[in-house]
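**Q** here is a sequence together with a model predicted from it:
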Amino acid sequence: MGRPRPFTGRPVMSTPVPTVPLAARPAVDAPRRSVRATLARGAGQVLASQIVLALAGLATLPVLGRTLGLAHYGEFSLFVTLLGVVAYQDVARQLLIHEQARREPRSADLAALSRLSTVLIVALAAVVGAFVLSFAAAAALVLATTLHGLASRDYARLAIAGRVGAATSIRNFAWAGAFASVAALSLVSSGPLVFAGPFVVANLVTWLAYRSLVGPWSAESVDSTSDSWWARASGWATLARSPELPRYRTAVKDLLGFTLAAAAITSIERVLLDLTAGADQLSLYSGAADLALRIQVVGSALSAAIYPTFAKLVSERGEAQAARQFLRVASWVVPAYFLGLLALLALDSTLLSLLLGPAFAESRPLFVLLLLGVFVHSFGYLLTPWQRARGDFATPRKSYVRAAVVMLAVGCLAVPAWGALGAVLAYLSARTAELQLAIVELRRMPRHLRAGRRFAAAAGMFVVLCALCLWRWQEAA
């Protein structure tokens, strides 16, 4: 057999990757164990806290579904969704992790990137809240988003130091407490501050906890007194003088394009339901979606650990070995997701009745169709952090922008016509994003790394799940 061809996929950002001389490299099994141990430790910590958060959400569903009812549950779900969507636009977290893994950036640049990102997400929260939420809920959204932005630089520093599990756990435990507080407060009132206030407190606790772990930051500054107060406060004055500004601009454009598209994909169908179909249809869909998407705690936990781990591995060991490790991780994650979805499919009516109550019985056909999309959605939790770890921020942006356009077109036609079912169709159409990511990786990887049997097995799982979901949908409809 000839020597295998080297890994040919090149990152979009032309960053030189340091290599280690062959003689100095340890045996192949050594880094394999190290990567597995790092991922297992980081993902295990994140997953444990994600499970606590998911259990808190599940435990509060019976209370919230009954106390808020169809009239107010959709508003609560919309607030939580928008908070997650707006906070996700904080591109500083992802960019700072990448910068610290690949080079030694100026501390002034890191601080400026964090401040500018916070300004952007706070402005977005103000605009979104003004158009979609009540005044009290919108004010809470802006305040919670501000606290999230203030914690970003601390989170990135913890993540690159190998403490992503601790950082994510703090946030998840704080949010679990917020869900429990909302459930308790909903027993006495259903006002906007009841379901919004606890999440402001959760973000405040998270920020203070991060700061206690990382300590104070250096006071390095390159600002000038001739700069306007706005340029200094937002961080633009520092970035304008940075020699890395062109590269930062490209990375931020790709990250912001991705996060905006992902945010649209996450919320388009709920906003359209709220505007065109009314509170009942929004609540029916939100209940089914909130329950179906709980399994994604596994994917998001692994994603949080993959990005910093593989960013360092690509830098230290090269893309070829990192790609092999990534395929090994994917080989057990995808079947685990498949088995979890089969369990949810088998218990669909029981879960809806037990966790949401009789009022949500009509959500069952929606729930089983959503599970089909959740399986495809899971590939995004693997491929997006892997591509970012290689410095490729453009591929996720392009894929999710295209999918957002498709979802918006389908949603504008289907949601007004079919209500909650139309929202499900819009969600399924958005999964073209993950299909695009998978196609790009298939084309990018050389033959000796493609492992056709792995992809054939994933395709077989999808076909089986399609058949079972359609059968259960016809039975429930």
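**A** Ah, there it is.

**Q** only C-alpha atoms from now on, for both contacts and neighbour counts.
**A** Noted.

**Q** need the next SSE after the helix or strand hosting His377, C-terminal direction.
**A** Here His377 sits within helix 364-389, counting by DSSP states H and E. Downstream of helix 364-389, the next assigned helix or strand under DSSP H and E is helix 394-418.

**Q** mind listing what's buried in that following helix?
**A** Neighbour counts over helix 394-418 (16 or more other C-alpha atoms under 10 Å) mark 394-401, 403-408, 410-412, 414-416, 418 as buried.

**Q** check which element follows it along the chain.
**A** Defined by DSSP H and E, the subsequent element after helix 394-418 is helix 420-430.

**Q** least trustworthy helix or strand in the protein by mean pLDDT?
**A** helix 447-450 (a mean of 66; mean pLDDT, DSSP states H and E).

**Q** any idea of the angle the following helix or strand past that helix forms with helix 364-389?
**A** Remark: after helix 447-450, the chain's next helix or strand is helix 452-476, criterion DSSP H and E. Helix 452-476 and helix 364-389 meet at an angle of 160 degrees, taking axes from the mean of the first three to the mean of the last three C-alpha atoms, to 10 degrees as the criterion.

**Q** residues in contact with stretch 53-67?
**A** By C-alpha atoms under 8 Å, 6 or more residues apart in numbering, the residues outside stretch 53-67 that reach it are 73, 172-173, 175-177, 179-180, 183, 186-187, 190, 291, 294, 297, 354-357.

**Q** that stretch: which residues count as buried?
**A** 53-54, 56-58, 60-67.

**Q** ditto for stretch 133-150
**A** Buried residues in stretch 133-150, counting neighbours by 16+ other C-alpha under 10 Å, are found at 133, 137-150.

**Q** in the stretch 51-200 of the chain, which spans are helices?
**A** Secondary structure of the stretch 51-200 of the chain, counting by DSSP state H, counting those that start in this stretch: helices at 69-88, 91-102, 107-132, 135-150, 152-158, 164-185, 192-214.

**Q** between the ones you listed, which gets nearest to Ala467?
**A** Among those, the nearest to Ala467 by C-alpha to C-alpha is helix 69-88 (30.1 Å).

**Q** what helices and strands are in contact with the closest one?
**A** Packing contacts for helix 69-88, counted by 3 or more C-alpha pairs under 8 Å, 6 or more residues apart in numbering; DSSP states H and E, involve helix 107-132, helix 135-150, helix 192-214, helix 245-276, helix 279-292.

**Q** got TSV for those helices, with distance to Trp230 and mean pLDDT too?
**A** Shown next, in TSV, are the helices and strands packed on helix 69-88 (distance: least, C-alpha to C-alpha, whole Å; pLDDT from 0 to 100):
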stretch	distance to Trp230	mean pLDDT
helix 107-132	10	86
helix 135-150	17	91
helix 192-214	24	87
helix 245-276	18	85
helix 279-292	40	85
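
**Q** nearest to Val80, of those helices?
**A** helix 192-214 (8.1 Å).

**Q** CA atoms of the helix or strand just after that closest one as PDB?
**A** Going down the chain from helix 192-214, the next helix or strand is helix 229-234, by DSSP H and E. The C-alpha coordinates for helix 229-234 follow below in PDB (Å, rounded to 0.1, in the frame of the first residue of the first chain):
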ATOM      1  CA  TRP A 229     -15.800  58.400  24.200                       C
ATOM      2  CA  TRP A 230     -17.900  56.100  22.000                       C
ATOM      3  CA  ALA A 231     -14.900  54.700  20.200                       C
ATOM      4  CA  ARG A 232     -13.100  54.100  23.500                       C
ATOM      5  CA  ALA A 233     -16.100  52.600  25.300                       C
ATOM      6  CA  SER A 234     -17.000  50.200  22.500                       C
END
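
**Q** could you pull out the buried residues of the helix or strand following helix 229-234?
**A** Toward the C-terminus, helix 229-234 is succeeded by helix 236-240 as the next helix or strand (DSSP H and E). For helix 236-240, the neighbour count (16+ other C-alpha under 10 Å) marks Trp236, Ala237, Thr238, Leu239 as buried.

**Q** quick check, nearest of those to Ala108?
**A** Thr238 (6.9 Å).

**Q** for Ala456, grab the count of nearby residues.
**A** 11 (other C-alpha atoms under 10 Å).

**Q** and it, how far from Cys466?
**A** According to C-alpha to C-alpha, to the nearest Å, Ala456 stands 15 Å off from Cys466.

**Q** next, Ala277: phi, psi?
**A** Ala277 adopts backbone torsions of phi -110, psi -20, taken as degrees, to the nearest 10.

**Q** hang on, the earlier thing: can I get the buried residues of helix 236-240 in CSV including pLDDT and distance to Gln474?
**A** Output for these, formatted as CSV (pLDDT from 0 to 100; distance: C-alpha to C-alpha, whole Å):
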residue, pLDDT, distance to Gln474
Trp236, 79, 56
Ala237, 78, 59
Thr238, 79, 59
Leu239, 80, 56
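
**Q** just send the buried residues of stretch 53-67 back as TSV, with distance to Leu345 and pLDDT too.
**A** Putting the buried residues of stretch 53-67 into TSV (distance: C-alpha to C-alpha, whole Å; pLDDT from 0 to 100) gives the following:
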residue	distance to Leu345	pLDDT
Leu53	22	80
Ala54	18	73
Ala56	21	82
Gly57	19	76
Leu58	17	73
Thr60	21	82
Leu61	19	77
Pro62	20	79
Val63	23	81
Leu64	23	79
Gly65	21	74
Arg66	24	77
Thr67	27	78
